[in-house]
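> Sharing a model that was predicted from the sequence below.
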Amino acid sequence: MHSTTCITRTLSRTPRIRLTPRWRPLGRRLLHARATEYLQCNDPDLTESQRLVRTSIAKICANFPDEYWAKQEELKKFPTELYDTLAKDGWLGICMPEQYGGSGLGIAEAAVMMQTISESGGGMTAASSIHMNIFGLEPVAKFGTEEQKERWLVPLIAGRERACFGVTEPNTGLDTLKLQSSATRDGDDYVLTGSKIWISTAQNAQKMLILTRTTPLDQVKKPSQGLSLFYTDMTDAVEITEIPKMGRAAVDTNTLFFDGWRVPARDLVGKENEGFKMIMHGMNAERILIGAEALGLGYTALRRAAIYASERHVFGRPIGKNQAIQHPLADSWMKLEAARLMLYHAAKMYDQGYDSGEYANAAKYLAAEAAFEACERAVMTHGGMGYAKEYHVERYLREVFIPRIAPVSREMICNYIGERVLGLPKSY
Ligand SMILES: Cc1cc2nc3c(=O)[nH]c(=O)nc-3n(C[C@H](O)[C@H](O)[C@H](O)COP(=O)(O)OP(=O)(O)OC[C@H]3O[C@@H](n4cnc5c(N)ncnc54)[C@H](O)[C@@H]3O)c2cc1C
């Protein structure tokens, strides 16, 4: 559990993250600053450590403006420069244990980091390029052996190795417990066979955290049993094919096929057949981080819309003087702020050790929906220019679909709240 003092003390003991505490006095949350300038860091409700993270990340991201992201997309080029800068300054280990090079901070700080990276204009491209490396190895940090943590966390945090995350399968989708890939023990190895789909950064990652079945479904008491988790090298046995997609072209997403892929038994995380429990451990945090990334996109779209609405003159006055333009933007600000409060509430509860499933899911849902609406309104506010790449809002709109779909859909979140919070019968 982190208190503010505890986090501050942790920060001051963290030499790898260079924090530059130069923020303006506390003030209002205004959104009409130039999108190309530093992001505002004077939000009145940030804790001291969150504000330090916000200031430092905003400063780094100022070197990666919208034009950088538009170019990366055009070239379909992984944003190695941002990745390396964040790794060099220790940010990839923001919530990893200190003994492996991390900073041991909370999800609340990591959420600020991811929101800021996305809000700088990097959107889901920037966020997805590091997302898995920020929190994906939480199951390893919690359930791995000392030898595994030393072997895996240290190079990951230092930026020497990149990881991807392999859960989704083509035939089973959100019905994770029915996944069909399998691992069979053979001497000192497991032999993996099957396929995965939508695996982001597989072209750029050396390692994958993969969930696969080690005991057939018909031989377990509960479907959540019999799955195992491995963190292992992506060898030539894995055939990777990129999926052409709507947005975020700079960060690849792929279909994987493997048949007879030998994975050393020492790459099994925790106990065999208990992988689902372990992977679930990181899920709430992942929802909070994705929600924060969505928020960032929503705010950056709204900021661009507000700027354009004041500068574009038609019928002899700024278009933002028309309430049909102004009110939807005001409405979006309120919805984003409401989602932001829910999101940081969920993060705080998570950091305090509360099982925050309902809040993490609700926060991801609300943030993604508010961000989607803000991005759509930003495009419409720009009129024809909303459709031009030059103004970036069409890129935001294409990317903001991702947090609505992944890692869990809106419908499955409603199912979760319906069943777990409202006590209603399972509908499927
Ligand atoms: C850009 C991108 C990156 C991704 N990266 C990764 C990654 O790195 N690793 C990884 O493992 N996965 C990744 N995913 C996969 C993502 O998590 C899945 O797409 C998501 O979980 C939805 O699964 P599905 O696409 O199979 O949808 P399906 O399971 O086929 O569902 C399709 C639709 O039906 C709805 N539906 C299904 N069942 C129900 C029900 N019972 N009640 C109500 N509605 C229902 C869903 O909500 C959804 O709208 C990524 C996806 C995208 C788009």
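Ah, there it is. Quantities reported herein were computed from a predicted structural model and do not represent experimental measurements.

> What is the burial count for E394?
19 (other C-beta atoms under 10 Å). C-beta coordinates here come from the backbone N, C-alpha and C atoms, glycine included.

> Test my guess that it contacts G384.
No: between E394 and G384 there is no contact under C-beta atoms under 8 Å: 11.0 Å.

> Could you tell me the phi and psi values at I197?
Main-chain dihedrals, I197, degrees, to the nearest 10: phi -140, psi 150.

> which non-adjacent residue is nearest it?
P170 (4.5 Å; C-beta to C-beta, 6 or more residues apart in numbering).

> secondary structure class for the one you found?
P170 falls in the coil class when you classify it by DSSP: H, G, I helix; E, B strand; the rest coil.

> any idea how far it lies from W198?
Distance from P170 to W198, counting by C-beta to C-beta, to the nearest Å: 9 Å.

> what's the overlap in contacts for these two?
T255 (C-beta atoms under 8 Å, 6 or more residues apart in numbering).

> Of those two, which one has the most company?
W198 (21 against 15).

> Just the pLDDT for that one.
On pLDDT, W198 comes in at 98.

> cool, I134 as well?
I134 is assigned 89 on the pLDDT scale.

> so it sits right up against L92, yeah?
Yes: in terms of C-beta under 8 Å, I134 counts as a neighbour of L92; the distance is 6.5 Å.

> more neighbours, those two?
Applying other C-beta under 10 Å to I134 and L92 shows that I134 carries more neighbours, namely 26 against 23.

> Now the more buried one: closest residue in space, sequence neighbours ignored.
A110 (5.8 Å).

> dump the residue contacts of the one you found.
94-95, 134-135, 285, 289, 292.

> Could you give the average pLDDT over stretch 138-146?
Rounded mean pLDDT across stretch 138-146 is 95.

> what's the answer for stretch 356-371, then?
Here the average pLDDT along stretch 356-371 is 96.

> Equivalent analysis for stretch 374-389, please.
For stretch 374-389, the per-residue pLDDT averages 98.

> and it, how far apart are its ends?
17 Å (C-alpha to C-alpha, to the nearest Å).

> buried stuff in it?
374-379, 381-382, 386 (16 or more other C-beta atoms under 10 Å).

> I'd like those as JSON lines, with distance to G122 appended.
What follows is the buried residues of stretch 374-389, written out as JSON lines (distance: C-beta to C-beta, whole Å):
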{"residue": "A374", "distance to G122": "16"}
{"residue": "C375", "distance to G122": "14"}
{"residue": "E376", "distance to G122": "20"}
{"residue": "R377", "distance to G122": "20"}
{"residue": "A378", "distance to G122": "16"}
{"residue": "V379", "distance to G122": "18"}
{"residue": "T381", "distance to G122": "21"}
{"residue": "H382", "distance to G122": "20"}
{"residue": "G386", "distance to G122": "20"}
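
> Remind me which helix or strand the spatially most central residue of the chain belongs to.
Geometric centre of the chain, nearest residue: I290, 3.8 Å, by C-alpha atoms, centre = their mean. Using DSSP states H and E, I290 sits within helix 275-311.

> quick one on the thing from earlier: which one of the contacts of A110 sits in the busiest neighbourhood?
Going by other C-beta under 10 Å, A292 tops those with 32 neighbours.

> what's that residue in contact with, if anything?
So A292 contacts 110-112, 114-115, 118, 343, 347, 367 (C-beta under 8 Å, 6+ apart).

> Spit out the contact partners of the residue nearest to the centre of the chain.
I290 neighbours (C-beta under 8 Å, 6+ apart): 131, 364, 368, 403, 406-407.

> any idea which of the residues you listed has the most stuff around it?
K364 (31 neighbours).

> Doesn't it belong to a helix?
Yes: applying three-state DSSP, one finds K364 inside a helix.

> I'd like the distance between it and the ligand.
In this view, K364 and the ligand are 12 Å apart by C-beta to the nearest ligand atom, to the nearest Å.

> so does stretch 158-178 get close to the ligand?
Yes: counting by C-beta under 6 Å from any ligand atom, the ligand has neighbours in stretch 158-178: 164-168, 173-174.

> Let me know the closest of the residues you listed to the ligand.
G173 (2.5 Å; C-beta to the nearest ligand atom).

> The closest one: what secondary structure?
Per three-state DSSP, G173 ends up coil.

> now do G159
coil.

> ok so L46 is a helix residue?
No: according to three-state DSSP, L46 belongs to no helix; its state is coil.

> Let me see the backbone angles for it.
Residue torsions, per degrees, to the nearest 10, at L46 are phi -80, psi 150.

> Quick check: residues of this structure near the ligand?
164-168, 173-174, 198-200, 253, 402, 405-409, 411-412, 415, 428.

> now with 8 Å?
124, 128, 132, 164-168, 170, 172-175, 196-202, 245, 248, 253, 401-402, 405-412, 414-415, 427-428 (C-beta under 8 Å from any ligand atom).

> I would like a ChimeraX command selecting only the buried ones among the residues you listed, please.
Buried residues within the residues of the chain next to the ligand, by 16+ other C-beta under 10 Å, are selected in ChimeraX with:
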select :124,128,132,164,165,166,167,168,196,197,198,199,200,201,202,248,253,401,402,406,407,408,415
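
> just to revisit the earlier point, right, and the residue nearest to I197 touches L256 too?
No: at 9.9 Å, P170 does not count as touching L256 under the criterion of C-beta under 8 Å.

> which SSE is A339 in?
Going by DSSP H and E, A339 is in helix 323-351.

> can you list the domain ranges for the protein.
What the TED database lists as the domains of the chain is 48-158, 163-275, 276-421.

> What segments of the stretch 1-150 of the chain are strands?
In order along the chain, the stretch 1-150 of the chain carries no strands (DSSP state E, counting those that start in this stretch).

> OK, now which residue of the stretch 251-400 of the chain is nearest to the ligand?
Counting by C-beta to the nearest ligand atom, the stretch 251-400 of the chain gets nearest the ligand through T253, at 4.7 Å.

> got a pLDDT number for that residue?
Taking T253 on its own, its pLDDT is 98.

> for it, phi and psi?
phi -140, psi 140.

> Go through the residues of the chain next to the ligand and flag which are in strands.
164-166, 196-200, 253 (DSSP state E).

> Helices of the protein, start to end?
4-12, 48-61, 66-75, 80-88, 107-117, 123-135, 138-143, 146-157, 275-311, 323-351, 357-381, 393-399, 402-405, 410-416 (DSSP state H).
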